[in-house]
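Enquirer: Predicted model, plus sequence, below.
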Amino acid sequence: MSKEDLFGNLQNTDPATGLRAAVALRRLAERVEATHVEAARASGWSWEQIADALGVSRQSAHMKHGKKKETDDV
């Protein structure tokens, strides 16, 4: 879905179309967040710095993003 389609679908009055667009937007936001958390960790950022930038607790940031890296390395 292009960003133009996504924007248009978010404003659509049909609930099914709007909800599909909301899901697509949420998935995109998750990918963007994960990419930047990975880049921050590679740059030496602490979990506390990342959490502050995301507006969440350190534990929350680590639980969400820390385990993925550990299991990917196994």
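Expert: Looks like it came in fine.
Enquirer: before we move on, which element is the residue nearest the centre of the chain in?
Expert: Centroid-nearest residue in the chain: E30, 1.9 Å away (criterion: CA atoms, centre = their mean). With elements delineated by DSSP states H and E, E30 resides in helix 15-42, which encompasses its position.
Enquirer: ok, now H62?
Expert: With DSSP H and E as the criterion, H62 is inside helix 58-72.
Enquirer: what about H36, how many neighbours?
Expert: Other residues lying near H36 total 15 when counted by other CB atoms under 10 Å. (Each C-beta comes from the backbone N, C-alpha and C, glycine too.)
Enquirer: One more: I50?
Expert: I50: 21 surrounding residues under other CB under 10 Å.
Enquirer: how about the helix or strand harbouring it: buried residues?
Expert: If you go by DSSP H and E, I50 is part of helix 47-54. By neighbour count on 16 or more other CB atoms under 10 Å, the buried set for helix 47-54 is 47, 50-51, 54.
Enquirer: Mind giving me the packing neighbours of the lowest-mean-pLDDT helix or strand in the chain?
Expert: The helix or strand of the chain with the lowest confidence, counting by mean pLDDT, DSSP states H and E, is helix 3-10 at a mean of 76. Judged by 3 or more CB pairs under 8 Å, 6 or more residues apart in numbering; DSSP states H and E, the packing partners of helix 3-10 are helix 15-42.
Enquirer: Which strands or helices does the helix it packs on pack on?
Expert: helix 3-10, helix 47-54, helix 58-72.
Enquirer: Format those helices as a markdown table; extra columns: distance to G18.
Expert: Below are those laid out as a markdown table (distance: least, CB to CB, whole Å):
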| stretch | distance to G18 |
| --- | --- |
| helix 3-10 | 6 |
| helix 47-54 | 26 |
| helix 58-72 | 26 |
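Enquirer: still on that earlier bit, return the distance of the helix holding E30 from the chain's centre.
Expert: When C-alpha coordinates are averaged (CA atoms, centre = their mean, to the nearest Å), helix 15-42 and its chain have centres 4 Å apart.
Enquirer: let's number from 33 now, not from 1
Expert: In the new numbering, first residue 33, that becomes helix 47-74.
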